[in-house]
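S.K.: Please find the sequence and the predicted model below.
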Amino acid sequence: MAGSTVLNLSGVRKTYGGRAVLTGLNFSLNAGECVALLGPNGAGKSTTIALALGLAQADDGVVELLGKTLPEAGHIARQDVGVVPQYDALDPDFTVFENLMVFGRYFGLHGKQLRERAELLLGFAQLVNRRNDSVATLSGGMRRRLMLARALINQPKVLFLDEPTTGLDPQAKHVIWDRLVDLKRQGMAMFLTTHYMDEAQRLADRVAVLDHGDIVACDKPLTLIRNVVGHAVLELWGAGAARCVSQHVSSKGEPIEQRGETFYFRNGKADEMLEALKRSPQSDVDYIYRPGNLEDVFFSLTGRALRDD
Amino acid sequence: MINFHAVFQVWRRNFLVWRKLALPSLLGNVVDPVMALMAFGLGLGSMLPNVGGMPYLNYLAVGAVCISAMNAPTFEALYSAFSRMHTQKTWQVIMNTPVRLREVVLGECSWAASKGLISTGAMLLIVALLGIGDVQFWVLSWFVLILACLMFAGFGLCINARAPSYDFFMFYFTLVVTPMTFLSGAFFPREQLPEWLRMVADYMPLSVVVDALRGIYARDFSMLPALLVQMAVYATVGIGLAIFLTERRFKRKGA
């Protein structure tokens, strides 16, 4: 089903307690594609996932998953869906292997077929030697690998990953990424929410930025960076940063962005500042000159004010 | 409308967990009521004349079986179910599969009822070992107790659906479970109560169970069909309301 639409949300509105969470959201995910949904806290990511799984009902608009209209036929669509939730959702009362077996039964799997899949996924999660251990004894990385393996027990056509590496150390994060890249190569459609821009850049074919209840940009990561940020960014910080900015940079052209005590210059301004710093190095400022990245895109589109749920 | 295979898998999940801790769980559910039975039945009972036409131990034993059929499903449907719904998020994980919330609630309800039957069955065994009742009583009681356990599981899940935290359950115990325990006729005949209180007590769900079981014990089946219908109505309303309230809870706040 390459190229066909796996998930489609069009004109979706959702209000909770009088607060508009989604305001006419349009979004689609195609077979074999990985789309990352970025957004500040409270932007509506969790609501989007709940609607996309048929676990909540939109006030208005259409939600379709694997050709089924949600939420009415959500339980039928979920037969071919895998979910790795944000919260630690392993069953603490069971061992590693039992977690896979019990979960598989919810999909109607049983007997030899279920056992074989569970054994295979133990290998996938690199947990063969922890088979009979209680999940309470697993490290954070192992738990997340098991959650990913568990989400694959029904051989899903689409995988929902809600912040799959939050709280993991770099090694554990890379192991999860390697697994996800493997799945992507096998043609698994993935819907990913994350706060890690490097994760989105590495895994996603397209990145959608959600803010104030609507998608404000959706494109390939590099296209987004080129269109929203440009080719270069210079970050400048230190005690003399403010003085340096007023001395060396003209007020015309690209705007200067400030996040905390750090100044960000883009493209022409970044080049201008770099030249100035090379000409007359300053002892009380530090800087880095680098290509634009998704974090710059994110800040450009969503602003930098702190958002709380 | 309802996928009973899904309901069974939710039940089975809880059963598999229980199997790991069956002995301590059973001990907790049985030792307390047995101690109460001994203390009141043998201790207090030896100082009393016949109650309801029988030794107080026998009278109390029938009541204790009924109380057990209320307490065990109630605890399971409150504390344990709340833990799975709210703390462990087990329900949310299950709902990411083809299993729907209504099937989760029904699975939990049937499990809480099963847990009640396990405890009540153990109680009934002890009663039998004490030589109280006969084969007819031990066998026919099950029909009443199955319905009773389902009924109290349904009520418990209604409370669970409204609970913001574990502390909330204290209201249910103080305002509902404890009054039912003492006023239902499990400890003494309701005829001893003032008229106005008796009228209220007669409609309490536990009173219905006590009356049904006492009827079987006394081989007086005249009221049994009406009492079973009454229990079936309570159970149906309780379970239906539990599904409705839980779905509303998840719609509002997700758990």
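M.R.: Looks like it came in fine.
S.K.: Any chance you could note which residues of chain A sit beside chain B?
M.R.: Residues of chain A found near chain B (Cβ under 8 Å from any Cβ of the partner chain) are A:50, A:53, A:55-57, A:74-76, A:78-79, A:81, A:83, A:85, A:87, A:89, A:91-94, A:98, A:102-103, A:105-108, A:154. For glycine as for every other residue, the C-beta is placed from the backbone atoms N, C-alpha and C.
S.K.: ok, A:R226 to A:V209 distance?
M.R.: 15 Å (Cβ to Cβ, to the nearest Å).
S.K.: pretty sure A:E64 is in a helix, no?
M.R.: No. Under DSSP: H, G, I helix; E, B strand; the rest coil, A:E64 sits outside any helix and is assigned strand.
S.K.: Would you agree it is in contact with A:V6?
M.R.: No. Counting by Cβ atoms under 8 Å, A:E64 does not reach A:V6; the two are 9.2 Å apart.
S.K.: The two: which has the busier surroundings?
M.R.: Neighbour totals were compared for A:E64 and A:V6, and A:V6 leads with 24 against 19 (other Cβ atoms under 10 Å in any protein chain shown).
S.K.: Helix, strand or coil: sort out that one for me.
M.R.: Following three-state DSSP, the label given to A:V6 is strand.
S.K.: Can you tell me how far it is from A:E33?
M.R.: Distance from A:V6 to A:E33, by Cβ to Cβ: 8 Å.
S.K.: what is in contact with the two at once?
M.R.: Shared contacts of A:V6 and A:E33 (Cβ atoms under 8 Å, 6 or more residues apart in numbering or on different chains): A:A189.
S.K.: Can you tell me which of the residues of chain A next to chain B are classed as buried?
M.R.: Buried subset of the residues of chain A next to chain B (neighbour count, 16 or more other Cβ atoms under 10 Å in any protein chain shown): A:50, A:53, A:55-56, A:74-76, A:78-79, A:81, A:83, A:85, A:89, A:91, A:93-94, A:98, A:102-103, A:105-108, A:154.
S.K.: Which members of these occur in helices, if any?
M.R.: A:A50, A:G74, A:H75, A:I76, A:E98, A:V102, A:F103, A:R105 (DSSP state H).
S.K.: closest to A:P281 among the residues you listed?
M.R.: Nearest to A:P281 out of these is A:A50 (Cβ to Cβ; 52.9 Å).
S.K.: Could you pull out the strands in the stretch 201-309 of chain A for me?
M.R.: A:206-211, A:214-219, A:233-237, A:257-259, A:262-266, A:286-290 (DSSP state E, counting those that start in this stretch).
S.K.: Please identify the most buried of those strands.
M.R.: strand A:206-211 (a mean of 24; mean count of other Cβ atoms under 10 Å in any protein chain shown).
S.K.: Mind listing the strands that one pairs with, and their directions?
M.R.: With DSSP bridges as the test, strand A:206-211 is paired with strand A:34-38 (parallel), strand A:214-219 (antiparallel).
S.K.: Format those as CSV; extra columns: mean pLDDT.
M.R.: Formatted as CSV, those follow (pLDDT from 0 to 100):
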stretch, mean pLDDT
strand A:34-38, 95
strand A:214-219, 92
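S.K.: what sits against the residue nearest to B:A163 when sequence neighbours are not counted?
M.R.: In this structure, B:A163 finds its nearest non-sequential neighbour in B:F82, 5.9 Å apart by Cβ to Cβ, 6 or more residues apart in numbering or on different chains. Applying Cβ under 8 Å, 6+ apart, we find B:F82 in contact with B:N160, B:A163, B:Y166, B:F169.
S.K.: Apply 10 Å and report the result again.
M.R.: Counting by Cβ atoms under 10 Å, 6 or more residues apart in numbering or on different chains, B:F82 makes contact with B:Q88, B:G156, B:L157, B:I159, B:N160, B:A161, B:A163, B:S165, B:Y166, B:F168, B:F169.
S.K.: so where's chain A shaky on pLDDT?
M.R.: Filtered on pLDDT under 70, chain A yields the residue ranges A:1-3, A:250-255, A:304-309.
S.K.: again, but for chain B
M.R.: Judged by pLDDT under 70, chain B has its weakly predicted residues at B:253-255.
S.K.: Touching, B:T246 and B:V104? I think so.
M.R.: Yes. Counting by Cβ atoms under 10 Å, B:T246 does reach B:V104; the two are 8.1 Å apart.
S.K.: Look up how far A:R105 lies from the residue of the stretch 151-300 of chain A found nearest chain B.
M.R.: Across the stretch 151-300 of chain A, the shortest distance to chain B (Cβ to the nearest Cβ) belongs to A:N154, at 7.6 Å. Distance of A:N154 to A:R105, given as Cβ to Cβ: 11 Å.
S.K.: tell me which element B:I146 is part of?
M.R.: Assigned by DSSP states H and E, B:I146 belongs to helix B:135-162.
S.K.: Distance from the chain centre to that helix, please.
M.R.: Put simply, helix B:135-162 sits 5 Å off its chain's centre (Cα atoms, centre = their mean, to the nearest Å).
S.K.: what element comes up after it heading to the C-terminus?
M.R.: Where DSSP H and E defines the elements, the next helix or strand beyond helix B:135-162 is helix B:169-172.
S.K.: Which secondary structure elements does that next one sit against?
M.R.: Packing partners of helix B:169-172 (3 or more Cβ pairs under 10 Å, 6 or more residues apart in numbering or on different chains; DSSP states H and E): helix B:56-75, helix B:135-162.
S.K.: Verify the stated contact: A:F124 with A:A151.
M.R.: No. The criterion here is Cβ under 10 Å, and A:F124 misses it with A:A151 at 11.0 Å.
S.K.: returning to that earlier point: residues that sit against both of A:E64 and A:V6, list them.
M.R.: Taking Cβ under 10 Å, 6+ apart as the contact rule, A:E64 and A:V6 both touch A:S28, A:A77.
S.K.: okay, A:F124 and A:A151: which has more neighbours?
M.R.: Under the neighbour definition other Cβ under 10 Å, A:F124 and A:A151 were set side by side, and A:A151 has more, 24 against 16.
S.K.: Touching, that one and A:G104? I think so.
M.R.: No. In this structure A:A151 lies outside contact range of A:G104 using Cβ under 10 Å: 11.1 Å.
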